[in-house]
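Visitor: build me a model from this:
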Amino acid sequence: MNPATQTTQQPPDGLPIYRLLTGPDDATFCRRVSEALALGYRLYGSPAATFNGVNVIVAQAVLWPGELSVVVQSQP
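Guide: Predicted structure coming up:
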């Protein structure tokens with residue numbers, strides 16, 4: 001495994017285990033999701049989209065794949 005993408009028990013820089021990324025459906029949002037994946041986060045669930053009258057706003061949850069995320073995923 002590449003050391004740059006190797007996961008540890010906790011996310012880097014004090015980031016939370018669960019993150020919900022939101023924003024306009026544009027290249028900046030896609031880069032934010034891509035950066036989270038490059039850090040080692042995994043997609044969690046399906047993306048969501050809505051329209052605010054001007055822009056499409058999207059959301060994507062990401063989850064850190066450590067020991068605690070297994071507990072979160074196994075809850076009903």
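
Visitor: surely residue 59 and residue 22 touch.
Guide: Yes: proximity of residue 59 to residue 22 meets the contact threshold set by CB atoms under 8 Å, at 4.5 Å. (C-beta placed from N, C-alpha, C; glycine too.)

Visitor: for the chain, what's the longest helix?
Guide: Of all the segments assigned as helix in the chain under DSSP state H, the longest by residue count is helix 27-39.

Visitor: now that one: mean pLDDT?
Guide: If you average the pLDDT over helix 27-39, you get 98.

Visitor: name the helices or strands packed onto it?
Guide: Packed against helix 27-39, as judged by 3 or more CB pairs under 8 Å, 6 or more residues apart in numbering; DSSP states H and E, are the following elements: strand 18-24, strand 56-63.

Visitor: in stretch 42-53, what counts as buried?
Guide: If you call a residue buried by 16 or more other CB atoms under 10 Å, then stretch 42-53 has these buried ones: residue 44.

Visitor: export that stretch to CSV, keeping only CA atoms.
Guide: Included here for stretch 42-53 are C-alpha records, laid out as CSV according to Å, rounded to 0.1, in the frame of the first residue of the first chain:
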residue,chain,number,x,y,z
ARG,A,42,-14.3,6.3,1.8
LEU,A,43,-17.6,7.3,0.2
TYR,A,44,-20.6,6.7,2.6
GLY,A,45,-24.0,6.3,1.0
SER,A,46,-25.3,7.9,-2.2
PRO,A,47,-24.8,11.5,-3.1
ALA,A,48,-27.8,13.9,-2.7
ALA,A,49,-28.8,16.8,-4.9
THR,A,50,-31.3,19.7,-4.6
PHE,A,51,-32.0,22.9,-6.5
ASN,A,52,-32.0,26.2,-4.6
GLY,A,53,-33.6,28.2,-7.4
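
Visitor: show residues contacting it.
Guide: Contacts with stretch 42-53, where a contact means CB atoms under 8 Å, 6 or more residues apart in numbering, come from 18, 25, 37, 56-65.

Visitor: save those residues as TSV, and put in distance to residue 9 and neighbour count too.
Guide: As requested, the contacts of stretch 42-53 are arranged in TSV below (distance: CB to CB, whole Å; neighbours: other CB atoms under 10 Å):
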residue	distance to residue 9	neighbour count
18	15	15
25	33	15
37	18	14
56	36	12
57	33	15
58	29	18
59	26	15
60	23	22
61	20	17
62	17	24
63	14	21
64	9	25
65	10	16
